[in-house]
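Novice: After the sequence you'll find the predicted model.
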Amino acid sequence: MIPEALQGRADLYQGSGAAAPVAAGIPTGIRGLDERLPWGGWPRALTEILPEGEGIGELRLLLPALSALTREGKWLAWVNPPHVPYAPALSAGNVDLARMMLVQPDDPLEALWAAEEALRSPVCGAVLFWPGRIDDKQLRRLQRAAEAGGTWAVLFREPEAARSPSPARLRLRLRLSATADGLNLHVLKCLGGWTGTLRLTLPNAA
Amino acid sequence: MALPAARALLPELTIHHADPEQDRATLERLACWAGQFTSAVSLAGEGLLLDIAGSLRLFGGLAPLLRQVRRGVRRLGYRLGSTAVAPTPQGAWLLARAGDGRPVLEVGALSERIGALPVAALDVAGDVRERLAGVGVRTIGDLLALPRGGVVKRFGAAVLDQVDRALGSAPDPRPLFVPPDFFSGRLALPAEVREVEPVLFGLRRLLTELHGFLAAKGQGVDTVTLHLHHPEGGGTPVILTRLALTRDDRHLFGLFRERLGRQKLAKSVDALALTTGETVPLAAHSLGLFGGAPPDADGQLLERIRARLGEAAVTGIHGLAEHRPERAWQPCAPGLRQLPLADGTRPLWLLREPRPLPAAGGLPCRGGPLTLTAGPERIESGWWDGVDVTRDYYIARHGRGGGYWVFRDRDGAWFLHGVFA
């Protein structure tokens, strides 16, 4: 845990310290994470999640923030999810199911359109989007829409996507840690913040 | 000027014959629309009088109100001849006729400003105007300088009465315009068209009118129908229904555009008509005091997505108190209120259909044998409705992979049903 060991050292230059003021993020609700992010939480901007494998906590990582957003009356738009977001588990995670919107278009371009609409809408707190293939221009559009709407755009992509650059403000690669309830979170990019690896313990572990 | 004389001066002149009936209908439609600014609208000759004393605060003052009126009239596709503001209706009327747009805000300033207007602004017969000019009366001020008795005797009482009402020294009650109960807007297109664009152009005007009409009544609608009229007779309706109660013309325009944008016009169109379902009270103004989203914005997002992707593409999820996992949820209308569910440990992803898993040594495999870390949880129900289920659910893991929700059925076959994402 190098970052923790380095914390508080006067001889270490911290890049995020001098960064321009940033819009307040959405508290992650995960112990030890908010203070690592320059927004004090998840950014109201494009965030890429690159999970290595399924069922490792890729949704549980987001769950406390998603729950809090719905409790503020914000909507969650799930665009093109690979499976059904399961009502009993969401409900157990304190997500208000009445603020869930599932969008499943036939056409990938329509999915992109719907994600952009939802991002620009003031009623959505977060848009979770599984785009499949997506190019740089489309990523930029989503990033602009997210910042214009003040909405958290969560993009789920294959880990291979890490090889190409992205306008996302935050990119995270997720890997299961040695213990079952742990998640290694590798920060590939964090605008105005820190990159490195964090070991997190997620709530509601299976 | 007589027509031959005009033609002589300007041979390429296009002649539009005045149609008083048409003008009157147009003015009434504008009066419906103008009701959003004040409940006191009256028709006056070729103009409209709006009593705005009570509306200034709501619209943030005179200048913003006038801006909205001008912009609105432009969006309806009309050109405003002139506008004037005065403490008396007749005063505003005379100023507007004389083209004097500087607002008069105090009664005390009226006599000077009205006095400076030409007598031609008064509604008097042509011979009276000539006789006034004959005695050297050019402005209303000149007229007021003459002895009243003589003016009444020579030019009639009506002339001075107009001035007295303008100055507020004579009462001037005006009959208020009463808008019809239902909105019905119709617009003839300048030509027969088969493209969507000109239809949208006309539609935008009709929707602006509809917005004014509804705002004036403090009402909204949940159904709007656009009729596309075909020159050979008959029409095609385009219906928006089950909307969240609204009168937002831009939102409605967006919905119609999505709808029309996906279909070619099968037949040419020469006129549009817009009608609504029943109108229902809707809060007058969303002032956004709390800085939050306008109250109907969530409905609007859903409707926009539905209009483009189809009803089935957008759903909410509904949790049900039901043992069989695939029945513990169902798609529903987004926004459905529901009670929290209590249940055992459940995965965040449910597969749409349980997926058969190969087995080795009595254990399920997914890229290698899985380890069962919790279970079994016996779920057995449904015999009463013919979809009976007996399953033993486990939480399973695979090496560095994640948590799966798997079950073994009565015959010992393994299935993947969920992912602990």
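Specialist: Looks like it arrived, so ask away. Residues are numbered from 1 along each chain as shown, chains lettered A, B, ... in the order given.
Novice: so who does the closest residue to chain B within chain A touch?
Specialist: Nearest residue of chain A to chain B (Cβ to the nearest Cβ) works out as A:G55 at 2.5 Å. C-beta: built from backbone N, CA, C; applies to glycine. Counting by Cβ atoms under 8 Å, 6 or more residues apart in numbering or on different chains, A:G55 touches A:A206, B:P347, B:W349, B:G401, B:G402, B:G403, B:Y404, B:V419, B:F420, B:A421.
Novice: neighbours of the third one, just the number please.
Specialist: B:W349 sits with 22 neighbouring residues when counted by other Cβ atoms under 10 Å in any protein chain shown.
Novice: picking up where we left off before, which of the contacts of A:G55 sits closest to B:L240?
Specialist: Comparing the contacts of A:G55 against B:L240 with Cβ to Cβ places B:W349 closest, at 35.0 Å.
Novice: three-state assignment of the residue of chain A closest to chain B?
Specialist: Assigned by DSSP: H, G, I helix; E, B strand; the rest coil, the conformation of A:G55 is coil.
Novice: In the stretch 1-150 of chain B, what residue comes closest to chain A?
Specialist: Proximity to chain A, evaluated over the stretch 1-150 of chain B using Cβ to the nearest Cβ, is greatest for B:G60 at 21.7 Å.
Novice: Same check on the stretch 251-400 of chain B?
Specialist: B:G319 (3.4 Å).
Novice: quick one: average confidence on stretch A:104-122?
Specialist: Stretch A:104-122 carries an average pLDDT of 92.
Novice: can you pull the contacts of the closest residue to B:A40 other than its chain neighbours?
Specialist: Once flanking residues are discounted, B:A40 sits nearest to B:D51: 3.7 Å by Cβ to Cβ, 6 or more residues apart in numbering or on different chains. Contact analysis of B:D51 by Cβ under 8 Å, 6+ apart lists B:T38, B:A40, B:V41, B:P89.
Novice: Excluding chain neighbours, give the residue nearest to the residue of chain A closest to chain B in space.
Specialist: B:G402 (2.5 Å).
Novice: Now for the contacts of B:D51, which sits with the most neighbours around it?
Specialist: Sorting those by how many neighbours each has (other Cβ under 10 Å) puts B:V41 first, at 23 neighbours.
Novice: is that residue in a bridge, and if so with what?
Specialist: As for beta bridges, B:V41 partners with B:L50 under DSSP bridges.
Novice: which residues touch it?
Specialist: B:A31, B:A34, B:G35, B:L48, B:L49, B:L50, B:D51, B:L176, B:F177.
Novice: Let's see the ChimeraX selection covering just the buried ones among those.
Specialist: Buried residues among the contacts of B:V41 (16 or more other Cβ atoms under 10 Å in any protein chain shown), as a ChimeraX selection:
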select /B:31,34,35,48,49,50,51,176,177
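Novice: With pLDDT as new columns, can the contacts of B:V41 be given to me in CSV?
Specialist: Formatted as CSV, the contacts of B:V41 follow (pLDDT from 0 to 100):
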residue, pLDDT
B:A31, 90
B:A34, 90
B:G35, 87
B:L48, 92
B:L49, 93
B:L50, 93
B:D51, 92
B:L176, 89
B:F177, 89
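Novice: Kindly provide the whole-number mean pLDDT of the strand ranked longest in chain A.
Specialist: Using DSSP state E, we find that the single longest strand of chain A is strand A:182-190. Mean per-residue pLDDT for strand A:182-190: 90.
Novice: Check which element follows that strand along the chain.
Specialist: strand A:196-201 (DSSP states H and E).
Novice: tell me the mean pLDDT for that next one?
Specialist: In the prediction, strand A:196-201 has an average pLDDT of 86.
Novice: Closest residue of chain B to chain A?
Specialist: Taking Cβ to the nearest Cβ, chain B has B:G402 as its residue nearest chain A, at 2.5 Å.
Novice: rewinding a little: list the beta-bridge partners for the residue of the stretch 251-400 of chain B closest to chain A.
Specialist: B:W329.
Novice: correct me, but the residue of chain B closest to chain A touches A:G53?
Specialist: Yes. Counting by Cβ atoms under 8 Å, B:G402 touches A:G53, with 5.8 Å between them.
Novice: between the two, which one's more packed in?
Specialist: Neighbour count, other Cβ under 10 Å: between B:G402 and A:G53, B:G402 has more, with 24 against 16.
Novice: mind listing what the more buried one touches?
Specialist: Contact analysis of B:G402 by Cβ under 8 Å, 6+ apart lists A:G53, A:E54, A:G55, A:I56, A:G57, A:L176, B:V419, B:F420, B:A421.
Novice: Now do the same for B:V135: its pLDDT.
Specialist: We note a pLDDT of 87 for B:V135 in this prediction.
Novice: Ok, B:D164 next?
Specialist: 92.
Novice: now it, nearest residue through space, not along the chain?
Specialist: Excluding the flanking residues, the one nearest B:D164 by Cβ to Cβ, 6+ apart is B:A170, at 3.7 Å.
Novice: Determine the number of other residues adjacent to the one you found.
Specialist: The burial count for B:A170: 14, using other Cβ under 10 Å.
Novice: Need the phi and psi values for it.
Specialist: The phi/psi pair for B:A170 (degrees, to the nearest 10) reads phi -130, psi 140.
Novice: Would you agree it is in contact with B:A157?
Specialist: No. Applying Cβ under 8 Å as the test, B:A170 and B:A157 come out as separate, 10.7 Å apart.
Novice: hmm, back to that, in a markdown table, list the contacts of B:G402 along with distance to B:L110 and pLDDT.
Specialist: Shown next, in a markdown table, are those (distance: Cβ to Cβ, whole Å; pLDDT from 0 to 100):
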| residue | distance to B:L110 | pLDDT |
| --- | --- | --- |
| A:G53 | 82 | 86 |
| A:E54 | 79 | 87 |
| A:G55 | 80 | 88 |
| A:I56 | 79 | 88 |
| A:G57 | 76 | 89 |
| A:L176 | 83 | 82 |
| B:V419 | 78 | 93 |
| B:F420 | 79 | 90 |
| B:A421 | 74 | 91 |
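Novice: from these, which two are the most distant?
Specialist: Longest distance between any two of these is 12.9 Å, between A:L176 and B:V419; criterion Cβ to Cβ.
Novice: Contacts only, for A:E52.
Specialist: A:E52 is in contact with A:P159, A:R173, A:L174, A:R175, A:L176, counting by Cβ under 8 Å, 6+ apart.
Novice: Can you say which of those residues are buried?
Specialist: Among those, those buried by neighbour count (16+ other Cβ under 10 Å) are A:R173, A:L174, A:R175, A:L176.
Novice: Name the member of those residues with the shortest distance to B:A307.
Specialist: Among these, A:L174 lies closest to B:A307 (Cβ to Cβ), at 36.3 Å.
Novice: so that closest one is in which element?
Specialist: With secondary structure defined by DSSP H and E, A:L174 is part of strand A:170-176.
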